[in-house]
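Chemist: Task: produce atomic coordinates for the following.
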Amino acid sequence: MEDAVSRLESVKSNISKAEVAARAAGTVTLVAVSKTFDADAIRPVIGAGQRVFGENRVQEAQGKWPALRAEFPDIELHLIGPLQSNKAKEAVALFDVIETVDREKIAAEIAKEIARQEKAPRLYVQVNTGLEEQKAGIDPREAVAFVARCRDVHGLAIEGLMCIPPFDENPGPHFALLEKIAREAGVEKLSMGMSGDYETAIRFGATSVRVGSAIFGTR
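Modeler: Model prediction:
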C-alpha cells in the first residue's frame, strides 16, 4: 500500500496548488473515499496522516470503522452515499458528517435520532444538479426551501451542500450552481469534486473534496 500513500501525497499537493488560485491555503478538506476497501488497505493511509474518510454504505462502514477508530480516535467519518430512513439510527451513531440529506422523510428521521441519541452529526443537503432520475439528491429548484424546512421544521443545523455532477458533462456549471444555491440558502460548506475533477471543484469554491480512486486505486 505504499502506492496509496504516495498517491495520497500527490492528491494533497494538487489540492494545495488549486487552493493558491482559489482559496486560502489549508482551507479545503480532503475526504478520502474508502468504500469497498478493507481496514488493512485503509490503515497505511491513516498512518500517513489522513484523518477524514468517506463511506457510501452504513452497513459496510459498521464492519470496519469501529475497530479502526479504537486505534485512531481522531478519525472523522462522512457518509457520502444515499441514506435509507431505516438506517438513520445507525448513521447518526456512526458518522460525524452526513452529506446526503435529500428529502423530508430523511430529515425527520435524522432529527428524531439526534434527539434520541443526543449526538448531532454535521449535516449537508445533497442537490441533484443534473436532475438525473437514477441519482439521489433534491431538485436544485427546491433546495433553498428544503434547507429552510430542515432548519425551521426539523431543527437541523445544515452546514453545507453536496453534489455529484453527471459523469458525462462538464462539472464546472454544476459546481457553479451549487455555489449559487449555497449563497441563497445561507450555508458555507460545499462538498464537491471527486478524483477526476477535484481541482476544478476547488476553483469553483469547494470546501471539501471526495477523492477515492486517485488515492486507493481502482476497485
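Chemist: Just give me the neighbour total for Glu199.
Modeler: By the other CB atoms under 10 Å criterion, the neighbourhood of Glu199 contains 18 residues. Yep, even glycine has a C-beta here, placed from its N, CA and C like the rest.
Chemist: Now do the SS call for the residue nearest to it when sequence neighbours are not counted.
Modeler: Nearest residue to Glu199, sequence neighbours excluded (CB to CB, 6 or more residues apart in numbering): Ala18, at 4.4 Å. The three-state label given to Ala18 by DSSP: H, G, I helix; E, B strand; the rest coil is helix.
Chemist: Quick check, Ala18 in contact with Phe204.
Modeler: No: using CB atoms under 8 Å, Ala18 makes no contact with Phe204, being 10.3 Å away.
Chemist: before we move on, the earlier item: check contacts around the residue nearest to Glu199.
Modeler: Shown in contact with Ala18 (CB atoms under 8 Å, 6 or more residues apart in numbering): Val28, Tyr198, Glu199, Ile202, Arg203.
Chemist: Serialize those residues to TSV and add fields for distance to Phe167 and pLDDT.
Modeler: TSV is the format used below for those (distance: CB to CB, whole Å; pLDDT from 0 to 100):
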residue	distance to Phe167	pLDDT
Val28	22	97
Tyr198	14	97
Glu199	17	96
Ile202	19	97
Arg203	19	94
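Chemist: Looking at those residues, state which has the most neighbours.
Modeler: Ranking the contacts of Ala18 using other CB under 10 Å puts Ile202 first, with 28 neighbours.
Chemist: what's the helix or strand for that residue?
Modeler: helix 198-203 (DSSP states H and E).
Chemist: any idea which helix or strand comes after that helix?
Modeler: For helix 198-203, the succeeding helix or strand toward the C-terminus, using DSSP H and E, is strand 208-211.
Chemist: tell me the mean pLDDT for that next one?
Modeler: Strand 208-211 shows a mean pLDDT of 98.
Chemist: before we move on, what about stretch 101-109?
Modeler: Here the average pLDDT along stretch 101-109 is 98.
Chemist: shift numbering so it begins at 50
Modeler: With 50 as the first residue, the last one maps to stretch 150-158.
Chemist: Determine how far that stretch lies from the middle of the whole chain.
Modeler: Distance of stretch 150-158 from the chain centroid (CA atoms, centre = their mean, to the nearest Å) equals 17 Å.
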